[in-house]
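[1] Dropping the sequence and predicted coords here.
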Amino acid sequence: MENRLAELAVELFEMNAVKFGSFVTKAGRQTPVYFDLKVIISHPRLMKSVSTLLWTLAENGKSVSQICGMPYTVLPIAALMSSESNIPLLIRTETESSGSKKIIEGQFKQGENCLIIGDIVTTGINVLEAVKDLTDVGLKVKEAIIILDQQQGGDHNLRTKGIQMRSLYSLTSLMQHLLNAGKVTSAIVEDIKYYVEQNQAQLSCKGNSVSRLRLDFASRAKLAKNRAAANLFNIMSAKKTTLCLAVDLTKADKILKLAELAGPHIAVLKTHIDVVEDFTSEFVDKLKQLSKKHNFLIMEDRKFADIGHTVSLQYRNGIYKIAEWADFVTAHTVPGSGVISGLQDGLKGINEDRGIFLVTEMSSEGALTIGEYVKHSVLLSETSNLIAGLVCQSNTFDDPGLIQLTPGIRLEESRDDLGQQYRTPQMVINAGADLAVVGRGVTAAQDKLLAIIRYKEKLWQAYNERISS
Ligand code: 6AU
């Protein structure tokens, strides 16, 4: 196999499927190497040998009963593998094909094992999207076989989702073959080595969640298990805002006035409903109308923290009937999983998309949300599809389908007199924030609209820099 891989590497190079120089990726990143594997289809013999090599990688190949080729480069290769092995082929169309409304084309039975065939993996997002579409229609996916691993976190990201990835080449092994064959100079190899190391360094300094920090919101919407979280990702992407406005005001009319002003610029409006002195159900109705008019979601920052039974009552009963109107609520993890079951129970008969943000780290000085508490809170977030995200100060979790909500933001680093600690928009976005909470930075400003726009723009700029870094 090694000899064949060495020969194939040279053939790919000679047909310009791999080029060296200075290129810019679709995400706007500089790269010293460029791949155009589509050229393979013009070389039938080569296509055949790529398909044979890929098949030898598929260790679990014998237990799969379907093969799915990712569009479009490897589709003909997957078709060859299918015909050689007599295992049926599935095609994942990128959009719902107009006539049949299917994303997965081909005949299959529920529960069948499907092998994914791909060309190049960087962060693994494309494969994860395919996995989601395949599992959504009842197939099982355990393995992805690909031609090239660009060593940008894809392997890790797929493994965390239970998908084993095998590749014919890593960028490093491909370079070694080309160097051995005298096709590239050692200077080019060093260049690529440096590029891979830079990527690796970025992965480790960002913890394990590289894909989350570098993926855009539109891509992450597709990975969210919670539907309210998916809606929120889409709103953030469409409105180009990560701003969650904390309207910690005590009069209903002031809240409504600010919601009208801020509406076009925010993704979420966050309430502490129990501080509103003149609460009525009409007030909530008006708030809901504004949320529809301006396309933002509402979060009630109730921070539930009791046994499940009590939490269920607090969520759906009392004066506020939070379950009826809040798209999201916050909950502490201190009671354990019962707090999530309680909230789930409180939603009986309510058929709206709802999500919970688990408070994993707090912004206040001396908070006890440290060490094991944080780790266990993150584990808890993996146990229910009702979880939309985590409230935290740092990059504590991997799952790109979850949202990091971070409060404690001011234009300057500072603190208030009661223990609240503030960091700048750029600092919190770099620390993993997706949704950024600003309260008094807006509510105490003279010109509130100006403040809203300033925070929105600074946060969005930092987010854009983060995903293209
Ligand atoms: O910008 P501020 O300080 O005026 O407001 C921050 C808002 C408040 C807090 O209740 C809330 O953010 N908050 C939260 C949550 C869950 O949002 C958690 C936390 O650790 N710190 C914090 O300030 O409405």
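    Yes, it's here.

[2] Please work out which residue of the chain is closest to the ligand.
    residue 439 (2.5 Å; CB to the nearest ligand atom). No exception for glycine: its C-beta is placed from N, CA and C like everyone else's.

[3] how much space between that residue and residue 240?
    Residue 439 sits 21 Å away from residue 240, going by CB to CB, to the nearest Å.

[4] Those two - which one has more neighbours?
    Set residue 439 next to residue 240 and count neighbours by other CB atoms under 10 Å: residue 439 wins out with 21 against 14.

[5] ok, for the more buried one, nearest residue in space, not its chain neighbours?
    The shortest distance from residue 439 to any non-neighbouring residue, by CB to CB, 6 or more residues apart in numbering, is to residue 246 (3.4 Å).

[6] Equivalent analysis for residue 373, please.
    In space, and not counting its chain neighbours, residue 373 is closest to residue 333: 7.5 Å by CB to CB, 6+ apart.

[7] For the residue nearest to residue 271 when sequence neighbours are not counted, name its beta-bridge partners.
    Spatial nearest neighbour of residue 271, excluding adjacent residues (CB to CB, 6+ apart): residue 300 at 5.3 Å. Applying DSSP bridges to residue 300 yields these beta-bridge partners: residue 271, residue 329.

[8] Go ahead and confirm residue 300 touches residue 326.
    Yes - applying CB atoms under 8 Å, one finds residue 300 in contact with residue 326, separated by 3.8 Å.

[9] Name the residues of this protein found near the ligand, please.
    246, 248, 272, 301, 330, 359, 362-363, 391, 407-408, 420, 437-441 (CB under 6 Å from any ligand atom).

[10] Please, a ChimeraX command that selects the buried ones among these?
    The following ChimeraX line selects those of the residues of the chain next to the ligand that are buried, judged by 16 or more other CB atoms under 10 Å:
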select :246,272,301,330,359,362,363,391,407,408,420,437,438,439,441
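
[11] Could you list which of the residues of the chain next to the ligand belong to strands?
    Residues of those located in strands (DSSP state E): 246, 301, 330, 359, 391, 437-438.

[12] For the residues you listed, which two are the farthest from each other?
    359 and 438 (17.7 Å; CB to CB).

[13] C-alpha coordinates for the helix or strand hosting residue 460, PDB please?
    Assigned by DSSP states H and E, residue 460 falls within helix 448-467. C-alpha atoms of helix 448-467 as PDB (Å, rounded to 0.1, in the frame of the first residue of the first chain):
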ATOM      1  CA  LYS A 448     -28.600  54.100  23.900                       C
ATOM      2  CA  LEU A 449     -28.900  53.500  20.100                       C
ATOM      3  CA  LEU A 450     -25.300  54.700  19.600                       C
ATOM      4  CA  ALA A 451     -24.100  52.300  22.400                       C
ATOM      5  CA  ILE A 452     -26.100  49.400  20.900                       C
ATOM      6  CA  ILE A 453     -24.600  49.900  17.500                       C
ATOM      7  CA  ARG A 454     -21.100  50.300  18.900                       C
ATOM      8  CA  TYR A 455     -21.300  47.100  20.900                       C
ATOM      9  CA  LYS A 456     -22.900  45.200  18.000                       C
ATOM     10  CA  GLU A 457     -20.200  46.300  15.500                       C
ATOM     11  CA  LYS A 458     -17.200  45.700  17.800                       C
ATOM     12  CA  LEU A 459     -18.600  42.200  18.700                       C
ATOM     13  CA  TRP A 460     -19.300  41.300  15.100                       C
ATOM     14  CA  GLN A 461     -15.900  42.500  13.900                       C
ATOM     15  CA  ALA A 462     -14.200  40.300  16.600                       C
ATOM     16  CA  TYR A 463     -16.400  37.300  15.600                       C
ATOM     17  CA  ASN A 464     -15.400  37.700  12.000                       C
ATOM     18  CA  GLU A 465     -11.700  37.900  12.900                       C
ATOM     19  CA  ARG A 466     -12.100  34.800  15.000                       C
ATOM     20  CA  ILE A 467     -13.600  32.600  12.400                       C
END
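
[14] now that helix: mean pLDDT?
    Mean per-residue pLDDT for helix 448-467: 97.

[15] Same question for stretch 22-32.
    pLDDT averaged over stretch 22-32 gives 65.

[16] So what sits opposite the residue nearest to residue 439 in the bridge?
    Beta-bridge partners, per DSSP bridges, of residue 246: residue 270.

[17] pretty sure it is touching residue 438, no?
    Yes - Residue 246 is within contact range of residue 438, at 6.6 Å (criterion: CB under 8 Å).

[18] who touches both of the two?
    With contacts defined as CB atoms under 8 Å, 6 or more residues apart in numbering, no residue is shared by residue 246 and residue 438.

[19] any idea where the helices of the stretch 301-450 of the chain begin and end?
    With DSSP state H, counting those that start in this stretch, the ranges of helices along the stretch 301-450 of the chain come out as 308-316, 322-325, 338-346, 372-381, 425-430, 440-443, 448-467.

[20] How about the contacts made by the residue nearest to residue 373?
    Listed by CB under 8 Å, 6+ apart, the contact partners of residue 333 are 339, 358-360, 373, 376-377, 380.

[21] Show me how to select, in ChimeraX, the buried members of those.
    To isolate the buried ones among those in ChimeraX, judged by 16+ other CB under 10 Å, type:
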select :339,358,359,360,377,380
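
[22] returning to that earlier point: mind giving me TSV with the ones in strands among the residues of the chain next to the ligand and columns for pLDDT?
    As requested, these are arranged in TSV below (pLDDT from 0 to 100):
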residue	pLDDT
246	98
301	98
330	98
359	98
391	97
437	98
438	98
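
[23] Low-confidence stretches in the stretch 351-469 of the chain?
    By pLDDT under 70, the stretch 351-469 of the chain has no low-scoring segment.

[24] shaky segments in this structure?
    Across the chain, the ranges flagged by pLDDT under 70 are 24-30, 59-62, 94-102, 199-211.

[25] ok, and the closest non-adjacent residue to the residue nearest to the spatial centre of it?
    What sits nearest the mean C-alpha location of the chain, by CA atoms, centre = their mean, is residue 400, with 2.5 Å. What sits nearest to residue 400 in space, not counting adjacent residues and going by CB to CB, 6+ apart, is residue 212, at 4.3 Å.
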